[in-house]
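S.K.: got a predicted structure plus its sequence, pasted below:
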Amino acid sequence: MKKIIIGSDHGGFHLKNDLMKFLKGLGYEVSDYGCYSTDPVDYPDIALLVAQTVAVSLESFGILIDGTGVASAIVANKIKGIRATPCTDEFTANSAREHNNSNILTLGARVIGPGIAQNIVKIWLTTHFGGGRHETRVNKITEIELKYLKSA
């Protein structure tokens, strides 16, 4: 079973805590990369930590929560090997994994509530990458990364 690396900014703090309990209840190992209160923090700091960890560990997935899920995805996608996808519904969560081999899920705490977030997370975690024609496309994404993203 994959390890879950989770993080949020202050806007996603409460939803992150709800999801951590949910994930642990499903038997996942969860590591909390912050934030640890509703005091304001900068989402790029948390998103970078989670993305760097997921990028070097094939044994983990990441979940990031901010107000919309968009800001953290933008940051995480700057890291080679990361395919962070903001999802607001179950269909998108399924497609993100099956078609795009997403390894970080981003959620918007001001967009969805805990019940929908749990459904999205469960579908995202249990959907397998489809391979085939989708693998060809994901490989093209990797080629673009290699060409345009410089090493840090």
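M.R.: Thanks, I have it. It should be emphasised that the depicted structure is a prediction, and the values quoted were computed from it without experimental measurement.
S.K.: use CA for all of it now, contacts and neighbours both
M.R.: OK.
S.K.: so what touches the lengthiest helix in the chain?
M.R.: Taking DSSP state H as the criterion, the chain has its longest helix at helix 133-148. The contact list for helix 133-148 (C-alpha atoms under 8 Å, 6 or more residues apart in numbering) reads 80-81, 98-101.
S.K.: now do stretch 107-114
M.R.: Under the contact criterion C-alpha under 8 Å, 6+ apart, stretch 107-114 has outside partners 11-12, 15, 18-19, 63-70, 86-88, 117.
S.K.: just to revisit the earlier point, mind putting the contacts of helix 133-148 into CSV with pLDDT?
M.R.: What follows is these, written out as CSV (pLDDT from 0 to 100):
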residue, pLDDT
80, 94
81, 95
98, 98
99, 98
100, 97
101, 97
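S.K.: flag every buried residue along the longest helix of the chain.
M.R.: Judged by neighbour count using 16 or more other C-alpha atoms under 10 Å, the buried positions of helix 133-148 are 135, 138, 142, 145.
S.K.: just the ones of the contacts of helix 133-148 in helices?
M.R.: residue 98.
S.K.: residue 123: which of the contacts of helix 133-148 is nearest?
M.R.: Nearest to residue 123, judged by C-alpha to C-alpha, of the contacts of helix 133-148 is residue 98 at 10.4 Å.
S.K.: just for the protein, where's the confidence low?
M.R.: Where the chain drops to pLDDT under 70, the residues are 1, 151-152.
S.K.: can you map out the helices along it?
M.R.: Counting by DSSP H, the helices of the chain are 13-25, 43-56, 70-76, 90-98, 114-126, 133-148.
S.K.: packing partners for the third one?
M.R.: With contacts defined as 3 or more C-alpha pairs under 8 Å, 6 or more residues apart in numbering; DSSP states H and E, the secondary structure elements packing on helix 70-76 are helix 43-56, strand 60-66, strand 84-86, strand 104-108.
S.K.: wait, residue 67 sits on residue 11?
M.R.: Yes. Using C-alpha atoms under 8 Å, residue 67 is in contact with residue 11, at 5.3 Å.
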